[in-house]
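K.L.:
What would the 3D arrangement of this be:
(one chain, ligands or ions: 1)
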Amino acid sequence: MGALPDELAPALARAVGQADRACGREFWSGVWHQQPYVAVLSRIGKVAAASTAALLIQRHQVDAIVFTGVAGGLAHGVRVGDAVVATEFLQHDMDAAPLFARHVIPLDGISHFPSDPELSLRLERAARHAQAQMRAEWPLGWQGLDLSRSAIHTGLIISGDRFVSRASESQALRERLPDALAVEMEGAAVAQVCRDHGIPFAAVRLISDRADDHAHPDFLRLVTDLAAPFSTHLLDHLLHKNNH
Ligand code: ADE
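P.N.:
All right, here's what the predicted structure looks like:
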């Protein structure tokens, strides 16, 4: 699953046919390294992504869901070109206080939704491979970005229905949620749906921007050039049976 066509380009390009169409979503099926998969664009935002995840699980009986895409870097040291593999997710805009503590999902009673540890470990290895391949493809770096310095981080990813594009807003998020490494708009919603269904879930995000005043142009530049090569190398490694 990915939110934008560039984020899912390789899985869509290799698909052999449209498996299904429902509620405005197109589900594409394919086989990669003898592994059958279904690719679908989540659309953007938590509700769209949750609805897509529920459809994917109920109509296609998937064993697991992996999300690949981009995110804004939040924590100091999480730079453009780095990748973040989630160990857990939280909705930063959930706030039912004073009925429930801030960020807690009412009735679920938790704020942090863990990713599947084994799948996340495989995803981390795949992300490492993807970064190495991209270094080889751009030995001199990409648009002034030294890819040899790009790192992989593991930790908390936060999601909300906002494209964070003001330094004041990302600073406020850092102060309120100091453990958060990156911010995006879907992961925590998909994690919650997967938990409801007992489906393992893991997600990786390439950092496209720093969720600051330059976020919009930075995001557009990186998505156009690097999102597709990153997910190509990532999925190529993840779906290879030798890498299980
Ligand atoms: N995805 C990529 N960059 C983002 C940002 N700054 N805010 C929310 N989602 C994002």
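
K.L.:
so what's residue 18 scoring on pLDDT?
P.N.:
Looking at residue 18, its pLDDT stands at 76.

K.L.:
Quick check: phi and psi on it?
P.N.:
Residue 18 has phi and psi values of phi -80, psi 120 when expressed as degrees, to the nearest 10.

K.L.:
Over to residue 116?
P.N.:
phi -70, psi 120.

K.L.:
Would you check that it makes contact with residue 200?
P.N.:
Yes. With contact defined as CB atoms under 8 Å, residue 116 and residue 200 form a contacting pair (3.6 Å). For the C-beta atoms, the positions are set from N, CA and C on the backbone; glycine is no exception.

K.L.:
Give the residues shared as contacts by those two.
P.N.:
Counting by CB atoms under 8 Å, 6 or more residues apart in numbering, the residues touching both residue 116 and residue 200 are residue 64.

K.L.:
Now do the one helix or strand residue 51 maps to: everything it contacts.
P.N.:
Counting by DSSP states H and E, the element that carries residue 51 is helix 46-60. Contacts to helix 46-60, defined as CB under 8 Å, 6+ apart, come from residues 1, 3, 19-20, 22-23, 25, 27, 38, 40-43, 62, 65, 91, 159-161, 185-190, 192-194, 197, 199.

K.L.:
Enumerate the positions of stretch 142-154 that are buried.
P.N.:
142, 145, 147, 150, 152-154 (16 or more other CB atoms under 10 Å).

K.L.:
what does stretch 68-81 give?
P.N.:
68-75, 78, 80-81.

K.L.:
Point to the helix or strand of this protein where mean pLDDT is at its lowest.
P.N.:
strand 17-22 (a mean of 84; mean pLDDT, DSSP states H and E).

K.L.:
what packs against the following helix or strand past that one?
P.N.:
Using DSSP H and E, the helix or strand that follows strand 17-22 in sequence is strand 25-32. With contacts defined as 3 or more CB pairs under 8 Å, 6 or more residues apart in numbering; DSSP states H and E, the packing partners of strand 25-32 are helix 5-13, strand 17-22, strand 35-40, helix 46-60.

K.L.:
Quick one: work out the angle between strand 25-32 and strand 17-22.
P.N.:
150 degrees (axes from the mean of the first three to the mean of the last three CA atoms, to 10 degrees).

K.L.:
what does the average pLDDT come to for strand 25-32?
P.N.:
94.

K.L.:
what's in contact with that strand?
P.N.:
So strand 25-32 is in contact with 11-12, 14-21, 36-41, 43, 52, 55-56, 59-60, 235-236, 239, going by CB under 8 Å, 6+ apart.

K.L.:
so after the helix holding residue 51, what's the next helix or strand?
P.N.:
strand 65-73.

K.L.:
circling back: turn the buried residues of stretch 68-81 into JSON lines, columns for distance to the ligand and pLDDT.
P.N.:
Below are those laid out as JSON lines (distance: CB to the nearest ligand atom, whole Å; pLDDT from 0 to 100):
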{"residue": "68", "distance to the ligand": "13", "pLDDT": "96"}
{"residue": "69", "distance to the ligand": "7", "pLDDT": "96"}
{"residue": "70", "distance to the ligand": "5", "pLDDT": "97"}
{"residue": "71", "distance to the ligand": "5", "pLDDT": "98"}
{"residue": "72", "distance to the ligand": "3", "pLDDT": "98"}
{"residue": "73", "distance to the ligand": "8", "pLDDT": "98"}
{"residue": "74", "distance to the ligand": "9", "pLDDT": "98"}
{"residue": "75", "distance to the ligand": "13", "pLDDT": "98"}
{"residue": "78", "distance to the ligand": "12", "pLDDT": "97"}
{"residue": "80", "distance to the ligand": "10", "pLDDT": "96"}
{"residue": "81", "distance to the ligand": "13", "pLDDT": "95"}
